[in-house]
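Colleague: Provided below for reference: sequence and predicted model.
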Amino acid sequence: MATTMDCCEGLNPSVVSRRALLLGGASFAAWAYLPKFARAADGRDPRLVVVILRGALDGLATVAPIGDPDYAGLHGSIALSSNGPNAAVGLDNFFSLHPAMPEFARMYREKKAAVIHAVATSYRDRSHFDGQDVLESGFAGPGRVQSGWLNRALEGLPKGERVMSALAVGPTTPLVLRGAAPTVGWAPVAVPQAAEDTAMRLVELYQHRDPALASALKQGLALDKAAQGDNMKPKPGTNGVAAMRLAARGAAKLMAADDGPRIGALAFDGWDTHANEGGPVGRLAQLLGGLDGALAEFETGLGPRWRDTAIVVATEFGRTARINGTQGTDHGTGTIALLAGGAVKGGRVISDWPGLKPANLYQGRDLAPTTDLRAVMKGVLKDQFGLAEKVLAESVFPDSSAVKPMQGLVG
Amino acid sequence: MARDSQAALVALNRFGLGARGGASGDFLNAASDPRGFVKAELARPNGVLLEVPGLQSTPALGKAVFDYQFGIQQARDAAAKQLTPAPATEGQPPPDAKAQRRNLSLNSIAMEMAPKEPAKPPDNAAMAPAEAMRPSAPKPPPQPLNIIQKTFRAEALARLQRAVIADCGFTERLVVFWSNHFCISANKGGPARMWAGSFEREAIRPHVLGRFGDMLRAVEQHPAMLFFLDNQQSLGPDSRAGKNRNRGLNENLAREILELHTLGVGGGYSQEDVTSLAKIITGWTYAGRLGQLGAPGSFVFNANAHQPGAQRVMGKIYDASDVTQGEAVLADLARHPSTAKFIAAKFARHFVADDPPPALVARLVDVFTRTDGDLKALATALVDSDDAWKAPLSKMRSPYEFLVAAGRLLAQIPNDPGRYLGGLNALGQPLWAPAGPNGFPDSNAAWAAPEGVKLRLDISAQIASRLADGADPRDLLELVAADAASSETRRTIERAESRQQALALLLMSPEFQRR
């Protein structure tokens, strides 16, 4: 076999594996078709990336309401400050951005990034797994839903040609993009491949005996070619932060191609900062730096396509307004969503601020949500792809007609 | 005796870890008495224990890791020419551990798993291509393993060896199930990696054929779990230590006890129950390096950190303000109807099908409830159920089950865990290191996904390229499935262009992958 002499990085424990990278850092998946309007005459070729932060991002630590008199007391030793070393970056005269996100700050100044604050899904309990189900399924409550809102939105779009055939479904398509509309994925290659002849014989066997595995293997075999030859292999010592950048770089490269996907999703793990969350520096700061780097990778990698791109960053819920006994925060409710991209009408923090007085906190502990995250998602889908409100209210976000799309976020 | 080859596949693969190669006679034995083959291990409760010379207790390992990290810290401090007093905080991880956790909080597999393996001749372990096959690639000089890496690998090796030689492997499958239900992650930091194996040996194995309530208590009081879910840092806000240090609650462990370990999400608890339970288990910690509270690395109840007073959980008041307060809650949670339902459904889903037969789940709920959580009775009821035998072999083996089954078939008793650990990493199931406290997934969607299947093929090809000279793949097929093998699989193997290819195809055949 030709491959036996290759070194096998994925099986060498000193190198992070492809799958481990996905689990820890990032996974990317996208719609398998080009939208019909991608070739429309007006030259606008919109792209949408949804970034899911798993583990519940501390919105109050990322975009800090420094102007709120109760903020500093609640966030205590990890609160951001607008002066001193590692000062937070003022976004307006009330909110300041975490100093670990200079790229986002620049995009905000260029009016290509925006923040929606005090936002939440309709989920009001505090289980990560249920919270992520609600965030990604688009249903009002948790349940064993097998499809995500982004996938159902794709079903409402006119379908053009298939995207580059070398892409296949990744091992961990995020729920937000799972469903009837076919998806594709990409991940860095780390294991030498079995001989093609062996693979073909196995496909033949599966076709007779195990159609589900036949389908899985055929898709798996199609993987990696688009990214082959690229310097995409995870390197020794790659940590989650670098993994975020790496996944974003790969995703951006694929999405920049003329025959590449237009609509994709990434998931980044690790935001569950129960202890030692850190303030302007520390654990959360590192993660935010990774996210910031990922956004910058998209900007660079998409090149001229960045102009028509919108990235939405969302998380399952927020964290407690008051820090806990271990310099961290526990599961909460209200948090933030971020928008970035050339298509975003940015330079604003959009918020109906509820205040942080004890009486204003949700259940006396969490930032009270005043904006339904679905309004944000609906607004982006409507303006970016022209999806009808009826479709958004019925199939994309079922039973959500009371939640109106937020106007003017992109365009 | 009548032979039932289809039932033998169920016995070996659904309940066990696969047929062993050589002259084991596993397939024939399983075919003559499928149920007896599986249940034989249940008659040997002590057989679940893993007592291997050289493996140490949690306190002994704790002392070693604390001393090691303290030494590193001192060396760093000396290098920085800073005079920092030694950490005197009982139950707190030393500063070095905190620093590590920050860096490793996302995906630390690369850093922590990296054993920096010293160069050595290829051993007979099966699971990854031989380093020696690399054409004269210059290697960086090997670094010696540190105490944490050495311990982790010794624990992993003991577990893998047991799995590869086990008769049927049913009790080892039960160990893996419960270990995943009550998972910790070695990636949390030095102590977690150090204790990952001893946690399973001490808190899981003794109770796999015992009582759920006993396992629950052993788990929640084990230093590895207290460290993994931050409870050693949680202080009662009104406790002496909480007031002195101006620190307080961390509800991480309390929430996962309710959500993941007992009642399950939707099991009827509220945020108030989480907070109350968090208060109740304040003071559940382990003694630190200096041993002020007890032997370093042993579970202790620190009354100074315990939130005083009665608490209400799930509608019941718990008065006692000592360690028995939390133990009483755990005992009640173990008996709660939601727990019985949650456990029974998860158990049936693991062994039988993603959507298990409702009658089977109902039967397991009944047994769990009636026997007060007797896990041997639960396992017996599963094996006695006709539903569990009739359901088609639809589940995909997990990466661990797959790699161990391959090792068993090819009679590769490892003397080094490196290849298995590497294979598990590549396939997304790094040993004792799931991405979150909910453990590794247990569904076909997780393990039969396109990229996963393709990776499995790549790894099968690598295994075959090294080990196909040992046995004729046609003979191995007889050991795996005998006349239960499909004619298509048989033909595919017979017509393969080489032994290597034939073995790779056998390892990837539905008969080998499905259970």
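Modeller: Structure received.
Colleague: every contact and neighbour count from this point should use C-alpha atoms.
Modeller: Noted.
Colleague: where does the prediction get shaky in the stretch 201-350 of chain A?
Modeller: Within the stretch 201-350 of chain A, the set of residues satisfying pLDDT under 70 comprises A:223-240.
Colleague: kindly recompute the last result at 50.
Modeller: Applying pLDDT under 50 to the stretch 201-350 of chain A picks out residues A:224-239.
Colleague: the stretch 351-500 of chain B: strands as residue ranges?
Modeller: Taking DSSP state E, counting those that start in this stretch to define them, one finds no strands in the stretch 351-500 of chain B.
Colleague: all helices for it, in order.
Modeller: B:358-370, B:375-384, B:386-390, B:399-409, B:418-426, B:444-447, B:450-467, B:473-480, B:487-494, B:499-508 (DSSP state H, counting those that start in this stretch).
Colleague: close to chain B: what parts of the stretch 201-350 of chain A are there?
Modeller: By Cα under 8 Å from any Cα of the partner chain, the part of the stretch 201-350 of chain A that sits against chain B consists of A:201-202, A:205-206, A:208-210, A:213, A:215-221, A:223, A:236-241, A:269-270, A:274-275, A:282-283, A:324-326, A:330.
Colleague: which of the residues you listed are buried?
Modeller: Buried positions within those, assessed by neighbour count (16 or more other Cα atoms under 10 Å in any protein chain shown), are A:201-202, A:205-206, A:209-210, A:213, A:216-221, A:223, A:237-241, A:269-270, A:274-275, A:282-283, A:324-326, A:330.
Colleague: among the helices of the stretch 351-500 of chain B, which is nearest A:E110?
Modeller: helix B:450-467 (39.6 Å; Cα to Cα).
Colleague: please state the offset of the closest one from the chain centre?
Modeller: Put simply, helix B:450-467 sits 23 Å off its chain's centre (Cα atoms, centre = their mean, to the nearest Å).
Colleague: so that helix versus helix B:499-508, what angle?
Modeller: Taking axes from the mean of the first three to the mean of the last three Cα atoms, to 10 degrees, one finds helix B:450-467 and helix B:499-508 inclined to each other by 140 degrees.
Colleague: could you check the angle helix B:399-409 makes with helix B:450-467?
Modeller: Between the axes of helix B:450-467 and helix B:399-409, defined by the same axes, to 10 degrees, the angle is 20 degrees.
Colleague: what's the angle from helix B:450-467 to helix B:418-426?
Modeller: Calculated by the same axes, to 10 degrees, helix B:450-467 forms an angle of 160 degrees with helix B:418-426.
Colleague: helix B:450-467 near chain A anywhere?
Modeller: Yes. Where contact is defined by Cα under 8 Å from any Cα, part of helix B:450-467 touches chain A, namely B:P450, B:E451, B:G452, B:V453, B:K454, B:L455, B:L457, B:D458, B:I459, B:A461, B:Q462, B:S465.
Colleague: narrow those residues to just the buried residues.
Modeller: Buried, going by 16+ other Cα under 10 Å: B:P450, B:E451, B:G452, B:V453, B:K454, B:L455, B:L457, B:D458, B:I459, B:A461, B:Q462, B:S465, out of the residues of helix B:450-467 next to chain A.
Colleague: okay, now A:E196: neighbour count?
Modeller: A:E196 sits with 11 neighbouring residues when counted by other Cα atoms under 10 Å in any protein chain shown.
Colleague: ok, B:E41 next?
Modeller: Counted with other Cα under 10 Å, the neighbours of B:E41 add up to 19.
Colleague: surely it touches B:G47?
Modeller: Yes. Under the criterion of Cα atoms under 8 Å, B:E41 lies in contact with B:G47, with a separation of 7.5 Å.
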